[in-house]
Every structure is written in structure tokens, then in C-alpha cells.
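Participant: could you look at this predicted model? Sequence included:
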Amino acid sequence: FSTLDYPELDDKWRSVWSENTAPGTPSRGKFYCLSMFPYPSGNLHMGHVRVYTISDVIARFRRMQGYDVLHPMGWDAFGLPAENAAIERNADPSIWTKQNIANMKNQIQKMLVSFDWDRELSTCSPDYYKHTQKLFLDLYKANYAYRTEASVNWDPIDQTVLANEQVDSEGRSWRSGALVEQKLLSQWFFKVTELADELEKDLELLGEWPSAVTTQQSNWIGRSHGAEVEFELDDGSGSLTVYTTRPDTLPGVQFLAVASTHRICISRPELSEQVSKMMVANPGSNEGFRIPDLHAIHPLTGEKVPVFMAPYVLGGYAQGAVMGVPAHDTRDYGFWKRNMRGKPVRHVIVPLEDAAQSTTDGGPYTAKAGSVASSVPKYGGMTLDEAVTAIVADLEGRGKGRLTTNFKIRDWLVSRQRYWGAPIPMIHCDSCGVVPVPEENLPVLLPEKIKSEGSGSPLARDEEWVNVACPKCKQPAKRDTDTMDTFVDSSWYYFRYADAKNEKLPFSYDAASTFVPVDLYIGGSEHAILHLLYSRFFGKFLMKQGHWSGGDLNGEPFRKLITLGMVHGRTFTDPHTGRFLKPEEVDLSDPAKPVIKATGETPRISSEKMSKSKYNGADPDDCISKYGADATRAHVLFQAPVNDTLEWDEHKIVGIQRWLGRLWRHVLSVCADVEKEGITDFTMPAAESRTEAEIKLWNDVQDLVGKTTTAFEADYSLNTSVSNYNKLTNSILDAYKKSRDSKNEAEKVRTVVVLNATARLLQIAAPVIPATAEECWKALLEAQGRPWTSVFEIGSWPEVEPMQALSPLTDHVVFVNAKKRFVTKLDENWSQEQMVDAILQTKDGQKWLVEDAAGKTIQRVIVPKGRKNVS
Ligand code: ANZ
Ligand code: ZN
């Protein structure tokens, strides 16, 4: 009876909770807590356990606070692994996927995660992808989806398109080994670039995202400010426009360079051989090709400069053409040196402090700082900002240039020549062209089986599926045989959860506007760029189309984001061969000193990302059946701060197990005393009647209720929360024990005070250790002769109550940075932390320590004994 049996306890509470939802009604508005939905690969891994534990802790906490919590779960179920498994086993991908989902759902439930399963969705189900297709049509109607030619990786043996990951470093197909070719295919794109400016600007609204993520988003969007400059060509064929971020360097232009795909190269048949060579050239190379007999005319000086094809100019960025300024740009310098050997470099900018640099050729001077060289007519002596303004104004006056903004981000190519995805709802008709599938005909269902014989993309092989009547002219036509990138599915799933059963619409305006933005989004940092960017694009697009209000963040779907570090495992390798050792090859009877069984040697130990090939994985199922869900959850949280790498070390879980055991035995002994004394509620005795030990315990409890609340709603320091539970458990146990052993009145603690402290501890620990907390809570209630009601009652999260002074408050002089500043009343028995809290709550404390010293934190508080000074 003195230990709890796990995982039996988990099973017991899981079934009780499934029949009795927590009592109480939400009174504090909505809270949308979302974890990134998983790909149903078949089994949970520790990374999943980490994400869902955190989201469950926060969801349970917010319910206890009285919020109407949305905490949904679903499956990102389209994608290549199911398709490959289906081809290998000649099975139906939907069956494979369903089995995996069933298994993983069962595993998640064993973790005691409180998801709203009635909103479960799966992106591969027709009830879902019908709406993905509807959104595609919306994008098309709004001119946000278009079709154009783009190149793909083409395997000429398998006659199929490959994803980049399926092409090895030598450019060969992972399946056939064939050299992969680039092939132009007509494909669908979403116009992400249309919203590029907004996507960049609104990063400002995402103050609750990790700055590492907003920086990555910003770099990916790649906004740059500069100018377009037009150079006339001297063969009369028109002009060449370049993009530059440094119009101030225009006087230093010595050549122009274009990408091999530039119009002026493609339009000269005599260059075709050079163009082909240049297309495969290493972009880092300086090997250029001078276009014979062609010069560009400088728009300000009329000077003629040569024009090159250069590998470093990217065809897809800005104008695909640059003005070469060897004196002030590193790549231009290298290129000039290589291709115009001996020709001097013309410096037009001088650093402020060192005018000598303008005449020497000591390499390019690339900093945007200094002034225009005095030798430059008209602009000489200007600061660089003045030069930009003056030069752009002059260009504008001649119709030769203007300020402009460019973005690195490209439109989103969404066509995949794959089977297991949402079919693109378009029809190609010889007479009508591209015709959208009428909405009432959605979904365009996938054929049930993949046709394995034949070539081309899987849907194109299925004649029966492909051939269809044109919706407009009713003549024979063909379906689009591509499916959508699975990132499309995951760009809008968080809207669907808000209205998961809507058959007519992807979601209703009201439901989406009620729940989105998501208040807390938790997931892996590997999704820092694409998934989040595409979701932001969808959030904004859907707002503009009037599908939802856009919330208070201009259509941004995620208010706060937590990106988790990876889970690493202890990895053993043979010190001689470097071979990874299997668990059964290592003797771990002393976890601190592992030994290779075969040789008696010590293996090399490292911490690496968990993977099958390194035999360093931990199986969540194993862990839960050995230690129970609560210990597994607490251990995962305790091992590392949420943003850091988690070094999984199963042996350390004993610390958590001991804590749970101590807690349960303590509850049993409190229960015995409660019953003996006939105590029937948790109410604390009146403040005046409390002993010193009771006041200290009360203050400890308030302190930890406050810290846990902050951890759960603001800083997510969940590892510290777990160690705090341990500390509070020890404080309660110590006070209780001392009280029994001591004759000193001041050390006495009444049972009801212990009961109250224990109850608070259970409430604040319940989100982390749900089964243990509920079991203990039930025992405490029953000992009082009361029926069980759940510890997770909605709105039951304890408020922080004021600390109680131990002795009368006395005047203390507060010194700030060694200067006497003010006097305030403090209790000598308070801990330093408690004193700091109390000082910060006074008006003077606010004035001297918060307002004046913005952002400053108190480094230390010194309370000399006997003297009432605080520094
Ligand atoms: C002249 C110049 C002088 C430049 C100087 C820089 C320094 P962002 O937008 O920040 O990436 N550039 C323009 N188009 C290019 C292309 N298609 N491929 C490769 N390079 C290109 O940088 C824009 C700068 O990169 C432009 O400014 C241009 O070089 C080059 F002292 O123009 B600059
Ligand atoms: Zn037609």
C-alpha cells in the first residue's frame, strides 16, 4: 500500500477521466494551445514525448486557471514514406497510415496527454483534403495560384520526378542510380512573393517568438533596399537593367555582368555554346565570358564598359544582372582581377580617416562608410547617404533609374509528381485550357491503388482516373496529375481544429476568429522557416479573403512560439573501430562506468541525436510501462530547459521516482492524521494563531505557487518547476517531522496546515504528474470524509496569497549602488528573495530599482547582521 503501481495508476485515471470531464465552467476566455502535429510514421519517439508533455502541462494549467482551452491533435498524414511503404508492400497507403495513427494515438493516450480527440483530423482523409482543394481554388480565383514552367529533378530510368533529398551528393537517384537531369515541367505556384513585404514587416508583431526564428524568417524573405539602374547597350539592342544596393558606387562601375539565363545571352544564338557551359559552371567560380563587341553606356558619364556572362550572377534574383564595382565589392573585385588582368581598379569611396586607400590597390574597400573620393566629378566629398540621394535623383531625372526593393524569397512551388497527397483540383482541356474543378465536385478523390506499372508520375499512369469530361465544354479532358506539397496541408490545419466537423466549409468565420491566433505553438526548430512562413502566408491570405478576422496580429496565426531543442541519446562506440555499439553489447550495471562486454574495455561515450543506426534511442512505450507516465513526463521536463538539447539519460529517472514515492507516503501519513483528528476541510487556521514554523511553511507555499504560475504562463522554465516541487515536498516533510519531534512551540505545525500545504503542492504539480496528483488528491479528500472531485477542476488554480510576516516589521535602510536611498519595513526573518520581492513591491523600490534602472536586475541583497541596512 505504500507504493503506487505504475502504469496501472495511469490506466485507472485515464479511464475515469474519459468518463468524467473535470467539473467547473471556464470564466476567463479562450486559450489555444497547439503542438505541431506529427507525421504518422508508426511509433512515437522521445521528441514527440517532449512536445506533447509540454503542451499538456500548459493546457492542463490553463484549464485549471479557468480558460476555455483548445488543445487539439491530428496527423500530417500525406507524404512519401506511406507511398514508398505502399509500393514496397503492394499495400494501400491509407491502410498503412491508419494503422500507424491507431498505434501512435494509443501511445499518446498512455502518456496521459489531454488532447481534444473529438477534433482529431487527418490530412489524408477526404473530409480534410476536400477543403485543402477548396482553398487551392480560392487561391486560384484570387490570383494567388498560377501555373508556369519550372525545372525538376528527373530520373530518366524510373521516369519520375525526385525530391531534392532523393538525389545524392553525386547527382544520382537514390533508387535507380541514374544521373538525375533537370527537366522543365508546367507546375503550380502560390504567390508568396505578393505578401513578402507584409511577411517581413509583421515579424515586428511576433515579439513572443524566439528571436532566432524571426531572424531566420527575415533572412529567408531577404528584403533588400536599393536601386535599379539602366545601361543603354551600344549595339542598339536596348538597355540592360541592374539591381544594386549601393547606388553610391555607381561612379566606380567598370563592367556589367549578367547570368547565363539572361535575355541578352539567350537571344544571341552565337553564344549558345558558352551559355550551356556557363549554366553548369560553379557559381563560386570567377571564370567569366566577355560578350564580344558589346558595351554598356554608363548612364551618368557616358563611358563604355564591357559586358560579361558571370557564374556568380544569379538568374533568379532581382534583374539577373549586376553593375561591377571592383573597388568596393569582393566578388566584383575577384572577377575583374581574373578577367581584366592588369587593368587598374578605380576607387571612388574613401574611408573617412584614411584617404590614402583611394589610390592604392590593396583589395576592395567594402564598408558602407566614408565619403565619395574628391576625384569624382559632381559627387566628390559627399557622404555616402548624400551620394545615394543625389545619384538616384540624377538617374530619375534622366529616366535611367529608381529606388526599389527586392526579396530573396521565391514563389512556392506546390506541385508534386506524387501519389500520396491532395490532388490538384484542375482539369486541362484542349479547347478551354485550364479549368478549375467545380466546387460541388470536390473532393477530387485519389484512386484507391497506386498503378505500379507504367512510367511517369503515379496519377498520370492511371488512365481511368486521368480522363474526365471538361466541366465547361464537356469534351474529353484530363485531370492535373500532380498532388500538392504536404506543406499546403499543414499551412491551415490549425484553422480546421477550430471547426473540425464543418462539412461545407474548411471552417466558419466565427469559429476561426474565436480561436485563432493560436496562443501558444510548440514544436521543433526544424520548422523555423518553411512551415511557419507558409502558415503565416495562409493566415494573411485567409484574412484578406474574409475567411477570418485576422485577430489582433494582422492575420498572424501564432502569437507565441516555443521551439524545442533536440533529444539526444547516450551513444557508445568501440574506441578502436568507431563502430556504434548495441545496448546488449554494453554492461551498464554501473551506469557511471559502462564496460564493453566482449573486451572489458571502456567504450567511447557521446551524446548524439537519437537514431536507429546509433542504437541510442529510447522507446517511449518502454519508458512508460517501466516507470509510468508521470515519471516519464517529469523526467523529460526536468532534464533540460525547453529550448536546449535534452540529453536523455534513463538512469536519472530514479530521482523522480523517489520524489513520487516520498510524496505518496507523505500523503498517506497526512491522511491518517487528518482522519484521526476529524479534519473536514483545507482551511488554514487564523493568521494570528500561526506558529513560526507554520508561517514559514505558508510563505514557502505562496512563493512556489507564484513561481510555478510564472513558469507556466510566462517563462516556461519547466525544468525549474520540477525541481521546485521536490523542494517544496522536502520543506513540508521537514516541517512536519520537526513538529512531531520537537518540544519547541515555535516549531509546531498543525495537521491542517500540513494538509493545506500538501493540497497546494498537489494542485501546482498536477499538470506535470496528473495521475499521482489525482490519486493523492482523492486520498486527501476521502480522509476528510468528502467525495472525490478532480484536482483538475476548472478555475481551481491557487491564487498567490500575501506572505505573512514572522515578527513585527522593522525599518530597514535600502542602499542602491552603495548610496542610501530610502527606508522600508521588512521582516528580518525573510529570505533574501522574499526581501527583494517585498522591496520591489514598494513605491520607492519601483522608483529606484525598476523605473530608474530599466531592465536592471538586483544582483545581490546584503543584510548585515544586527544592522538594518539593505544594499
Ligand atoms: C553594385 C555594388 C557595389 C553592389 C558594391 C554591392 C556592393 P542583396 O540584395 O543584399 O543580396 N546583385 C544584384 N543582383 C544580383 C544577382 N542576380 N546575382 C548576384 N548578385 C547580385 O545584394 C544586392 C547586391 O548584390 C547588389 O549590389 C549587386 O551588387 C549584387 F560596392 O551592386 B551590388
Ligand atoms: Zn473544355
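Facilitator: It's in. If you're wondering where the values come from, they're calculated on a predicted model, not measured in any experiment. Numbers count the residues shown, from 1 in each chain. Ligands and ions are numbered 1, 2, ... in the order given.
Participant: residues near the nearest residue to Thr573 once chain neighbours are set aside, how many?
Facilitator: Once flanking residues are discounted, Thr573 sits nearest to Arg604: 4.6 Å by C-beta to C-beta, 6 or more residues apart in numbering. Where you see a C-beta, it was placed from the backbone N, CA and C, and this is true even at glycine. Arg604 is flanked by 14 other residues according to other C-beta atoms under 10 Å.
Participant: these two touch, right, Leu826 and Asp837?
Facilitator: No. Leu826 lies out of contact with Asp837 (C-beta atoms under 8 Å); the separation is 10.5 Å.
Participant: quick check: which element contains the residue in the chain sticking out farthest from the centre?
Facilitator: When each C-alpha in the chain is compared with the mean C-alpha position (C-alpha atoms, centre = their mean), Lys743 comes out farthest, at 57.1 Å. Assignment of secondary structure by DSSP states H and E places Lys743 within no helix or strand.
Participant: list phi and psi for it.
Facilitator: Main-chain dihedrals, Lys743, degrees, to the nearest 10: phi -100, psi -10.
Participant: that one and ligand 1, how far apart?
Facilitator: 78 Å (C-beta to the nearest ligand atom, to the nearest Å).
Participant: pLDDT value on that residue, please?
Facilitator: At Lys743, the pLDDT value in this model is 91.
Participant: cool, and the one 10 residues further on?
Facilitator: In the predicted model, Val753 carries a pLDDT score of 97.
Participant: next up, phi/psi of it, please.
Facilitator: Dihedral angles (degrees, to the nearest 10) for Val753: phi -70, psi -40.
Participant: same question for the one 4 residues further on.
Facilitator: Here is the backbone geometry of Ala757 (degrees, to the nearest 10): phi -60, psi -40.
Participant: I'd like to know how many residues surround it.
Facilitator: The local packing of Ala757 (other C-beta under 10 Å) involves 26 other residues.
Participant: okay but it is in contact with Ile732, surely?
Facilitator: Yes. Look at Ala757 against Ile732 with C-beta under 8 Å: they come within range, at 5.1 Å.
Participant: need the overlap of contacts for these two.
Facilitator: Common neighbours of Ala757 and Ile732 (criterion: C-beta atoms under 8 Å, 6 or more residues apart in numbering): Leu697.
Participant: which parts of the stretch 401-550 of the chain sit against ligand 1?
Facilitator: Residues of the stretch 401-550 of the chain lying close to ligand 1 (C-beta under 6 Å from any ligand atom) are Asn406.
Participant: pretty sure His48 is touching Ala618, no?
Facilitator: No. In this structure, His48 is not within contact of Ala618 by C-beta under 8 Å, at 11.9 Å.
Participant: what about Ser491, which SS state?
Facilitator: Classification of Ser491 using DSSP: H, G, I helix; E, B strand; the rest coil returns coil.
Participant: got the buried residues for stretch 67-86?
Facilitator: 67-83, 85-86 (16 or more other C-beta atoms under 10 Å).
Participant: among the residues you listed, name the ones in strands.
Facilitator: 68-70, 74-75 (DSSP state E).
Participant: can you name the two of those residues that are farthest apart?
Facilitator: Every pair in these was compared (C-beta to C-beta); the two farthest apart turn out to be Asp68 and Trp75, at 24.5 Å.
Participant: thinking again about what came up before, ok, Leu826 and Asp837, which is more surrounded?
Facilitator: Neighbour totals were compared for Leu826 and Asp837, and Leu826 leads with 21 against 15 (other C-beta under 10 Å).
Participant: and that one, what does it touch?
Facilitator: So Leu826 contacts 809-810, 812, 835, 838-839, 870 (C-beta under 8 Å, 6+ apart).
Participant: helix, strand or coil for the residue nearest to Leu403 when sequence neighbours are not counted?
Facilitator: In space, and not counting its chain neighbours, Leu403 is closest to Ala227: 5.3 Å by C-beta to C-beta, 6+ apart. Secondary structure state of Ala227, per three-state DSSP, is strand.
Participant: quick check: bridge partners of Ala227?
Facilitator: Beta-bridge partners for Ala227, by DSSP bridges, are Thr244, Leu403.
Participant: that one and ligand 2, how far apart?
Facilitator: 46 Å (C-beta to the ion, to the nearest Å).
Participant: which residues touch that residue?
Facilitator: 243-244, 247, 388, 392, 395, 401-404.
Participant: check Ser625 too.
Facilitator: With C-beta under 8 Å, 6+ apart, Ser625 has these contacts: Pro7.
Participant: cutoff 10 Å now
Facilitator: 6-7, 10, 110, 619, 632 (C-beta atoms under 10 Å, 6 or more residues apart in numbering).
Participant: got the phi/psi numbers for the residue in the stretch 501-650 of the chain that ligand 2 sits nearest to?
Facilitator: Proximity of the stretch 501-650 of the chain to ligand 2 (C-beta to the ion) peaks at Gln545, 27.1 Å away. The phi/psi pair for Gln545 (degrees, to the nearest 10) reads phi -80, psi 0.
Participant: skip the chain neighbours and tell me the closest residue to Ala196.
Facilitator: Phe407 (4.3 Å).
Participant: so what's the gap between the strand or helix carrying Asp734 and the chain middle?
Facilitator: Element membership of Asp734 [criterion: DSSP H and E] is helix 718-741. Distance of helix 718-741 from its chain centroid, counting by C-alpha atoms, centre = their mean, to the nearest Å, is 36 Å.
Participant: do the same with stretch 585-592
Facilitator: 36 Å.
Participant: what do you get for stretch 520-539?
Facilitator: 6 Å.
Participant: can you count the residues close to Asp56?
Facilitator: Neighbours around Asp56, by other C-beta under 10 Å: 24.
Participant: before we move on, the earlier item: now the contacts of Leu826 in a markdown table, with distance to Lys277?
Facilitator: Converted to a markdown table, these look like this (distance: C-beta to C-beta, whole Å):
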| residue | distance to Lys277 |
| --- | --- |
| Leu809 | 86 |
| Thr810 | 87 |
| His812 | 82 |
| Met835 | 76 |
| Ala838 | 77 |
| Ile839 | 74 |
| Val870 | 77 |
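Participant: which of the residues you listed sit farthest apart?
Facilitator: Thr810 and Ile839 (14.0 Å).
Participant: which one's more surrounded, His48 and Ala618?
Facilitator: Summary of the neighbour comparison: His48 and Ala618, criterion other C-beta under 10 Å, with His48 having more neighbours (22 against 18).
Participant: for ligand 1, see how far away that one is.
Facilitator: 38 Å.
Participant: now swap in Ser260 and tell me
Facilitator: In terms of C-beta to the nearest ligand atom, Ser260 sits 12 Å off from ligand 1.
Participant: what sits closest to Tyr312 if chain neighbours are left out?
Facilitator: Arg331 (5.2 Å).
Participant: for the one you found, report the pLDDT, please.
Facilitator: Reported pLDDT for Arg331: 96.
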